[in-house]
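Asks: sequence isn't available, so here's the structure alone:
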């Protein structure tokens, strides 16, 4: 589990020492290439991590999370592949013609998810990454205020989808600290309207909530904006959406406006009740 995400006290992230190599990324969903980024650093401070994807020691998913193809038998497939068949189809095209090799790069996949799928174009750099076998945590962030050290907006959790050395990376959630999304629980069955919430540390925050899904360029539902702030203070919102039963959804919560439009965000995966 990657530690070291933003500390949002006084409405600011606590920036980490940086400097990795810039990444190129074409924003877009699966099938588009990745776009630009810069990197790197290690944040300071001691924080408590709340995960929007299950921990490595979590039990096997219950019936509420098994409505479709899961990643590694336990995680919700949030992006770029909706199921294992799509991942296998890409593997075949890659093996035959080297199609879209960026799916094998966890950093580029994380940035493409952030900028292309979520639309957070201001979050444009990788600050840190940790890869352990088929599991990766990629910290994406924004430029520091006044050109200072970059701040981490989110730690994106990715897992290899499928088998073989060329199994592509799939986003399955985020690891959350000073801004978390814990309701509904990861993998829950939901219906509209859905109550979304978590906890936040910061001053004068404004939380926007979206419901997104693979194959849709626009949010399926959105609520803006929820005033929040304090020290590890609960926040909550209710959002309506339209989606077919059984579909996997990505619930997204973001806050910012002090240094950048989006300074911190969290996502979790759920499924529409039948």
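Replies: On my side now, so go ahead. Just so it is clear, the structure is predicted and the values come from calculations on it, not from any experiment. Numbering: from 1, shown residues only.
Asks: assumed residue 102 was part of a helix.
Replies: Yes: according to DSSP: H, G, I helix; E, B strand; the rest coil, residue 102 belongs to a helix.
Asks: going forward, count from 55.
Replies: Yes, from this point I'll number from 55; that puts the last item at residue 156.
Asks: which residue is the nearest non-sequential neighbour of it?
Replies: Using C-beta to C-beta, 6 or more residues apart in numbering and skipping the chain neighbours, the partner closest in space to residue 156 is residue 162 (4.5 Å). Backbone N, C-alpha and C define where each C-beta goes, glycine included.
Asks: on contacts alone, who are the packing partners of the helix or strand hosting that neighbour?
Replies: Remark: residue 162 resides in helix 160-166, with elements defined by DSSP states H and E. When contacts are defined as 3 or more C-beta pairs under 8 Å, 6 or more residues apart in numbering; DSSP states H and E, helix 160-166 sits against strand 179-186, strand 189-196, strand 205-214, strand 223-230.
Asks: can I get those strands in CSV with mean pLDDT and distance to residue 294?
Replies: Formatted as CSV, these follow (pLDDT from 0 to 100; distance: least, C-beta to C-beta, whole Å):
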stretch, mean pLDDT, distance to residue 294
strand 179-186, 97, 34
strand 189-196, 97, 29
strand 205-214, 97, 25
strand 223-230, 98, 23
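Asks: same list (these) but as JSON lines, adding distance to residue 289.
Replies: JSON lines is the format used below for those (distance: least, C-beta to C-beta, whole Å):
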{"stretch": "strand 179-186", "distance to residue 289": "24"}
{"stretch": "strand 189-196", "distance to residue 289": "21"}
{"stretch": "strand 205-214", "distance to residue 289": "16"}
{"stretch": "strand 223-230", "distance to residue 289": "12"}
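Asks: of those, which is nearest residue 318?
Replies: strand 205-214 (5.5 Å; C-beta to C-beta).
Asks: quick one, what contacts residue 326?
Replies: 243, 244, 245, 297, 298, 299, 300, 301, 303 (C-beta atoms under 8 Å, 6 or more residues apart in numbering).
Asks: what is the nearest of those to residue 233?
Replies: residue 303 (19.7 Å).
Asks: the spatially closest residue to residue 163 that is not a sequence neighbour: how many residues sit nearby?
Replies: Closest residue to residue 163 apart from its sequence neighbours, by C-beta to C-beta, 6+ apart: residue 223 at 4.4 Å. By other C-beta atoms under 10 Å, the residues close to residue 223 number 30.
Asks: residue 223 touches residue 191, doesn't it?
Replies: No: counting by C-beta atoms under 8 Å, residue 223 sits too far from residue 191 to count as a contact (11.6 Å).
Asks: list residues touching both of the two?
Replies: residue 212.
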